[in-house]
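Enquirer: Predicted model follows, preceded by the sequence.
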Number of protein chains: 4
Amino acid sequence: MTAVRIPVAVLGASGYVGQHFVRLLDDHPMFEAVALTSTERSAGERLSDRWHLAEPPPELAERRLERSGPATLARRGVRVAFSALPSGTAGAVETELTRRGISVFSNAADHRRAPGVPLLVPEVNGSTLSRRTRPAGGRGLLVNNPNCSATGLALALAPLRAPLRPVRLDVTTYQALSGAGYPGVPSLAIADNVVPYIPEEEEKLALETAHLFGRLRGDRVVPARFPILPHCARVGTREGHLEAVTVEAAARPDRTALLSAWRRFDPLRGLDLPTAPHPPIELRAEADRPQPMRDRWAGAPARARGMAAVVGRVRWEPPFLRFFVLSHNAVRGGAGGSVLNAEFAVRRGCLEAEP
Amino acid sequence: MTAVRIPVAVLGASGYVGQHFVRLLDDHPMFEAVALTSTERSAGERLSDRWHLAEPPPELAERRLERSGPATLARRGVRVAFSALPSGTAGAVETELTRRGISVFSNAADHRRAPGVPLLVPEVNGSTLSRRTRPAGGRGLLVNNPNCSATGLALALAPLRAPLRPVRLDVTTYQALSGAGYPGVPSLAIADNVVPYIPEEEEKLALETAHLFGRLRGDRVVPARFPILPHCARVGTREGHLEAVTVEAAARPDRTALLSAWRRFDPLRGLDLPTAPHPPIELRAEADRPQPMRDRWAGAPARARGMAAVVGRVRWEPPFLRFFVLSHNAVRGGAGGSVLNAEFAVRRGCLEAEP
Amino acid sequence: MTAVRIPVAVLGASGYVGQHFVRLLDDHPMFEAVALTSTERSAGERLSDRWHLAEPPPELAERRLERSGPATLARRGVRVAFSALPSGTAGAVETELTRRGISVFSNAADHRRAPGVPLLVPEVNGSTLSRRTRPAGGRGLLVNNPNCSATGLALALAPLRAPLRPVRLDVTTYQALSGAGYPGVPSLAIADNVVPYIPEEEEKLALETAHLFGRLRGDRVVPARFPILPHCARVGTREGHLEAVTVEAAARPDRTALLSAWRRFDPLRGLDLPTAPHPPIELRAEADRPQPMRDRWAGAPARARGMAAVVGRVRWEPPFLRFFVLSHNAVRGGAGGSVLNAEFAVRRGCLEAEP
Amino acid sequence: MTAVRIPVAVLGASGYVGQHFVRLLDDHPMFEAVALTSTERSAGERLSDRWHLAEPPPELAERRLERSGPATLARRGVRVAFSALPSGTAGAVETELTRRGISVFSNAADHRRAPGVPLLVPEVNGSTLSRRTRPAGGRGLLVNNPNCSATGLALALAPLRAPLRPVRLDVTTYQALSGAGYPGVPSLAIADNVVPYIPEEEEKLALETAHLFGRLRGDRVVPARFPILPHCARVGTREGHLEAVTVEAAARPDRTALLSAWRRFDPLRGLDLPTAPHPPIELRAEADRPQPMRDRWAGAPARARGMAAVVGRVRWEPPFLRFFVLSHNAVRGGAGGSVLNAEFAVRRGCLEAEP
C-alpha cells in the first residue's frame, strides 16, 4: 500500500453516488479525503445528517460539507477530485479543476463523449488510458466511468468479444431506484409498477457500449459498429441493475469455451488495486440468478464489495447467446467505478503531470 | 344478447385465475355459472371466504365451492366448462368433459400443444377455430388460451405481421406476481428483488408465439419459423405483464403505416362479443407508458376491462421496431381470454356438436 | 338531483388531492367544475397530461389548468371553491375567496383551527355547521375537512361515544404514501422500510380528534378533554390509512350493543347526498381485515367509493376496546370529505349568504 | 475465548431462523456446529442450495442437511442444540434432547410457558437462569428466547421499569415479512398492503411481556399485573420489527433521567459474550428513527450485528412515555437471542449437569 495517501476531494458528496464515494474512500489505503463539497444548501452540515444510504454512515461522513471551488481545493493540495456532480453543473467545474492540475475521476455525463476523455472500465479498455490523454488545456487527467447500465454490460461482454465476434447486441434492463439518485423516483410513481422509460438512458447505453468496444485509432476511439438495441425500464428495487442480454455471434465456440472465457477473465490481477474485485465476473449456475437482492454486493475482497458483475442463466444456442447480468449501479456503475479508475491511473503512473 | 344463458361451470374456481373467471362470469349476458368446482379442501366453503383478488368478490362468489366431477356436471346440464385447473390435473378432467359433450375453454397448459386443440386468441388466429376442431373422441370443443406472456405479445404483433414481415423477434418480460397464482411467489423472494427465471416460461413463450403466427395446413398449424428469443423475469407488481419487444423486419413500411396498422386493428368489431375490447390494442403516445399500475385495466366497454393490450414507446429504426406492450396476465392472458374464446365459439356456431 | 348545477372551481387541481377532487366532481349531479387552477408552472397544460392517480383521468381532466385568482373566479360566477392548495399558500387565497362571496371547502390545514371555521365530518359533528359560521369579514362559508388520519378515526368513534364514554384514546397509524402528496415520499426512503414520523401529524391527529368530539358552546368548540395519544408512521402502501385504536371506556356496554351502535350508524340517511356512503362504517368479521389493498375503496353507491370507514378486529375486554379502522386518506380523508361537506352545506341551506 | 469449542447442532436449519442460526454460528468462538438437521425433504442437500437470506451463505452452510434425531446427536457428542423447529414439532424433540443430557436453546413456542423453562433475555431477566432450572426429568437445560415482538419491547423497557413504575403498556407493531418464516407471507397478500392480524401474536406479546417483567417466587415467575394492550400487524418490510410504545407511569422522573437510564443500561458488560451487543440499546435523536431499513443491523461488535434494540422518537409527557423501538426479529428476536442465551449459560456455569 502507498505510504503517503493522495489528498482527494469528493464533489457533490451529499447525493446518492456522492455518499457511495464517501463510503468507499473512508479509510482508503491510497487516497485521503480532505474535502467533501456540496452545491446545495447543505454546506456547513455534517454529511451524516443527510445520509440516504441503507448502510450506516462511515466516520468520514462526520465531516462537514463545504462549498469550496477549484481554486480553494487546489490551494489545499487536493490532487484528485471524484465528481458526483449533477450533469450540467459538472462540465465547467471539472474542466477548471484539470486546468489547475487536479485530476478528475467523474461519474457525471458532461464529458463522457468529449474527445480525449477516456470512458474507462479498467478491465475492459484499460489501454485507452495514458499520460497523454488529458483534455485540451488540462494539466490534470479527466477520466469518466460509463453510465451505470453500460458498465455491467461491458464487463460481462469483455471476455466474450474475441470468442464470439458479436454482430448484434440486444439488452433490456431492470434498473434500480437509486439509479435516479435521491430523492429521485417518487414512491407513488413506482409502487406496484414498472416505468418503461428512463430519459436518455437507451441512447447512453447504446453509444457508450459501442464506445467501450471500439478500437483506439490514435487518440480517438472508433466505436463498434454492430447494432446495439436497448430497452430501459425502472423497477422498484433499491440497488443493482439487472440486464437481459442477447448476443448474436459470428463465431461458434463451444459452451465450455465461453464459460471458461468468463471464468479466466481477470486482467487486473496482480496490479494490487484496493477496489478491484477478483474475479470481476462471478458466474452463477443456479436457475434463478443473478438477483438484485442477493447479488448486488458481489465482489471480493471486502473493499471491492459491489464491484463484481454477476452473470447467470447462460443459454447458448448458436448463433444466440442469452444471459442475465447484474451489477451494483451506484458502486460498480458509479462511485466504485471512478475510485477504481483512479487507483488504476495511479498504478499506471498516469497521474503525474506531463513534463 | 342471448335470451337464454348457457349453463357453465368454473373448474378450479378458488385459484387466482379461477376467481377472475368468477368475476367475469358474474351476471354475464351469455353464460350462467351453475357450478364452481374446487379440488382443494375448500369444497363446501363460500368462494367469497377465500377471495384473493384486490377487487371485492362479486355476488356469484357467495356460492359454495363443490367437488363435482365431469359426470355430475354433465348431469346438471353444464354445456361449457372454464378450466383454471392446475397443469397436471387439468388434462384428464378436460378430456373427460369433452367426451361427455361439455365444451372446455381452458387456461391450463396440459393440452396447449395437443393436435386438434386450437390455441386461440380470436383477434389473432380466429380462423383456427371450426366446428371440426375437437379432440380425438371428444364431443365437446376443447380450446386453450395461450400462456399469459404470449397473449399480449401476439395481440401487439398481429397487425404488424403483414406490413413488417418479421425475421426475428426478441422479447423480455417484466411479469407480475399473480402470474404464479396464489399463494405463488413468497414475499421474501421478491421484496426489493427481481427473479430472472420463471420455470418453462421462455419455452412456452417462444413455442406459443410461433404457433400463433403459424399457418394452418389442414388440421395442423405449421409454426412460424423466425427466431423468437425470450427472457422472462418476475418483478414485484401485482398484475399486468409488461414486455419489451424488438422485431427485426424484412419490410420497411413508414412509421405512419405501422401506427395506423395498430390503430385500425379490430377484427372482432361487429361480432357483439361482451368481453371483446374495442379497440383491442390501445396505443399510447406518452414517453413512459405502458405501465402496469396505470394500464392493466385497459379495455372498453366495462365488461372488457383488462382485455386490451397497451402499446407504447414505439421506436422504428428500420429494420428494427422496438416497443413495450402490457396486458393483464390474469384477465386477457388468463380467465378473460377463455371467456372471450367461448363467446367467439358461440357466435361462430362452433359450440353445437357435429351432426 | 339539482336541476341547475352550482359552478365550482378546484384550487390546486394538479396535486394528488386536487386530482381526486377532479375525479369526484366529474359529472357531479350538484356541482359543475368551471375552473381548475394551479399555482405551478403547469398552468396551460391539460390536467390529464400531469395525471398521477392509478385510476384513469376522467373527461373533466381534459380541461387546461389555469392560474385564475379569486377575482377572476368570482367574475366567472364560481360560487364554491374546493381547495387542495398547499398549506401556507391556502390561507390568504381562501380568505379572499370568502370575502368575494365564494364558499370554500378546504382540505388545507391553514384555517383548520381558526375560530368560526367548522372542522366538519357531517356524520360526526354536522351540527357545527350553520349559516352563521363564516369567517370574520367573509360572505362565503369556509369549511374544513379534518386531517386524513383524524377523519377515519372520528367516523369510527362517533357511534361509540355515548355508549362507551371514552376516558383515554390511543391510536397508532399505518399511513399511505399518498398522504404526502406527489412527488411526496422518495421511493428510496420507503422501499423495504417504515418511517415512524410524519411532520406535525401526531399533533393534528390529537387536536382535531379532540375538536371533533368537543362540545359546541355558542360559536366555539370546547375540545374533548380525555388524553389522546397518537403514534404516526408512514408505510409503503399507495392509498388508505390504517389505524390501530384502543379506547379506554367509563361505560361497559355489552359487545352486541357496541357492534349494533356501529351497524345502525347512518346519520345522513335520507339527505340524498351523492357522495355520502351508506352505511358510512362497514364492519368486517374476518380475522384479518381491514386491509388497505382490499378495503380502501369501500363505500356505496358508486359515487361514494372510498368514502366509508372499514372497522375490523373488534376486541372488547372492558374497560378496553381495541379495533382497526381503515379509510381512504385522499378520498374520505381529503377531496371526498370536502365534496361531501359541500353537498351537506347545500342541503342544509347554508350556502346562501346571510341577509 | 474458550479454547475448546462446544459441539452444537442446529435443529430446523433450513428455515429462515435456522439459517440465521447457521450464519451466527459460523466460526463462532465458543460453539462448533457439528450437525444441521432438517425435518424436510431437504435432508441430504447442502444448506447453501436452499438459502433464503439476502446475506450470502457462510462456509458452514456448505454442510449437508441431515435428519438426525436426539439419539444420533447425543452419540455424536452434541452438548447444545439450537432449535428452530416449527412449533408443534419442537416440543417432543426438545424434551427428548434434554433427557439425553443435551441442553436446548429454543426459538420455538412449544415450551415457552412451561414451568421451569426460563423465557430468557439475559439483559432483562438473567437471574431467572440457574443450574437448577431444568425441565422435569431433563438432564440438559431448556431455555427459550421470547417471541420476536416481545424481545425488542422487553429490552427497551428493562431500564425504565424502576424509574417509571409502569401501570399500563400499549404497543402496536409493524412486523416484518420474515417473522412468518419462509415461504411465509404470499407476495400477493402483502404487496401494497398491511395485514392487521398475525395469528396468536397479540396473546404471545402480552403474556410474554408480562412474564419478562414478572417476579421470581421460588421456581415460578409471577407475571407483571399491569394491562398490556397490543395490536399486531404485518407490513411489507423484509426484516426488523418496529413497535410503537406508550407507557403510562406511576413515577415521574425527569426526561434526562429517563434517557440516562437507557444510555447506562448494559448489564452484560464485562461478561465477554461474543454475541452480546454493547450497548444493547441504541438511542437515536433524529426525528424519524428507528427505521427497519437503516436500523435492523444495529449492534456492535461485528458478531453482535442485529442484536441491539434501537429506540427513538422519545416523547415524555407525564404520565405518558411514548417511543418507537426496532429490533431484528430473526436475529435479536430469534436465532441471535438463543445464541446469546447459550453464551450466557456457559459463562454462568449453568451448562454443566447437576451432580
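Expert: That came in fine, so what should we check first?

Enquirer: measure the closest residue to residue A:179 other than its chain neighbours to residue A:343 for me?
Expert: Closest residue to residue A:179 apart from its sequence neighbours, by Cβ to Cβ, 6 or more residues apart in numbering or on different chains: residue A:329 at 4.9 Å. Bear in mind the C-beta positions are built from the backbone N, C-alpha and C, glycine included. Applying Cβ to Cβ, to the nearest Å, the value for residue A:329 to residue A:343 is 20 Å.

Enquirer: Neighbour count for those two, which is higher?
Expert: residue A:329 (32 against 24; other Cβ atoms under 10 Å in any protein chain shown).

Enquirer: For the closest residue to chain D within the stretch 101-250 of chain A, give me the backbone phi and psi.
Expert: Going by Cβ to the nearest Cβ, chain D is nearest to residue A:192 of the stretch 101-250 of chain A, at 4.8 Å. When read as degrees, to the nearest 10, the backbone of residue A:192 gives phi 60, psi 40.

Enquirer: element containing the closest residue in space to residue A:54 that isn't next to it in sequence, please.
Expert: Counting by Cβ to Cβ, 6+ apart, residue A:54 lies nearest to residue D:293, which is 5.3 Å off, once chain neighbours are set aside. Assessed by DSSP states H and E, residue D:293 sits inside helix D:292-295.

Enquirer: got the contact list for that helix?
Expert: A:54, A:56, C:191-194, D:174, D:176, D:237-242, D:282, D:284, D:289, D:310, D:326 (Cβ atoms under 8 Å, 6 or more residues apart in numbering or on different chains).

Enquirer: who's in contact with the residue nearest to residue A:63 when sequence neighbours are not counted?
Expert: Leaving out its chain neighbours, the residue that sits closest to residue A:63 by Cβ to Cβ, 6+ apart is residue A:36, at 5.5 Å. Residues counted as contacts of residue A:36 (Cβ under 8 Å, 6+ apart) are A:9, A:10, A:13, A:14, A:18, A:22, A:47, A:60, A:63, A:64, A:65, A:66.

Enquirer: quick one: average pLDDT of stretch A:221-231?
Expert: For stretch A:221-231, the mean per-residue pLDDT is 95.

Enquirer: after the least confident helix or strand in chain A by mean pLDDT, next one along is what?
Expert: Across the helices and strands of chain A, mean pLDDT, DSSP states H and E gives its lowest value to strand A:215-217, namely a mean of 85. Next helix or strand after strand A:215-217 toward the C-terminus (DSSP H and E): strand A:220-222.

Enquirer: is chain B contacted by whatever helix or strand comes next after that following strand?
Expert: Per DSSP H and E, strand A:220-222 leads on to strand A:228-231 as the next helix or strand towards the C-terminus. Yes: Strand A:228-231 reaches chain B (Cβ under 8 Å from any Cβ of the partner chain) through A:229, A:231.

Enquirer: Residues touching strand A:228-231, excluding its own?
Expert: A:149, A:168-173, A:196, A:201-202, A:205-206, A:209-210, B:170, B:172, B:244, B:246, B:320, B:322, B:324.

Enquirer: again, 7 Å this time
Expert: A:169-173, A:202, A:205-206, A:209-210, B:172, B:244, B:246, B:320, B:322 (Cβ atoms under 7 Å, 6 or more residues apart in numbering or on different chains).

Enquirer: any idea how far residue A:73 is from chain B?
Expert: Per Cβ to the nearest Cβ, to the nearest Å, residue A:73 is found 37 Å from chain B.

Enquirer: so how far is chain C from that residue?
Expert: With Cβ to the nearest Cβ as the criterion, residue A:73 and chain C are 29 Å apart.

Enquirer: Which of the three states applies to that residue?
Expert: helix (DSSP: H, G, I helix; E, B strand; the rest coil).

Enquirer: In space, what's closest to it - neighbours in sequence excluded?
Expert: residue A:9 (5.2 Å).

Enquirer: how deep is that neighbour tucked in, by neighbour count?
Expert: 28.

Enquirer: same thing with residue A:22?
Expert: Residue A:22: 27 neighbours (other Cβ under 10 Å).

Enquirer: That one - that's part of a helix, no?
Expert: Yes: judged by three-state DSSP, residue A:22 forms part of a helix.

Enquirer: for it, what are its contacts?
Expert: A:10, A:13, A:36, A:47, A:58, A:60, A:61.

Enquirer: Filter the residues you listed down to the buried ones, ChimeraX style.
Expert: Of those, the buried ones go into a single ChimeraX selection, burial set by 16 or more other Cβ atoms under 10 Å in any protein chain shown:
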select /A:10,13,36,47,58,60,61
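
Enquirer: which residue ranges form the helices in the stretch 151-300 of chain A?
Expert: All helices of the stretch 151-300 of chain A, identified by DSSP state H, counting those that start in this stretch, fall at A:161-164, A:187-190, A:201-212, A:255-264, A:292-295.

Enquirer: can you redo those helices as TSV with mean neighbour count and mean pLDDT?
Expert: Formatted as TSV, the helices of the stretch 151-300 of chain A follow (neighbours: other Cβ atoms under 10 Å in any protein chain shown; pLDDT from 0 to 100):
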stretch	mean neighbour count	mean pLDDT
helix A:161-164	16	96
helix A:187-190	24	98
helix A:201-212	21	96
helix A:255-264	15	97
helix A:292-295	25	98
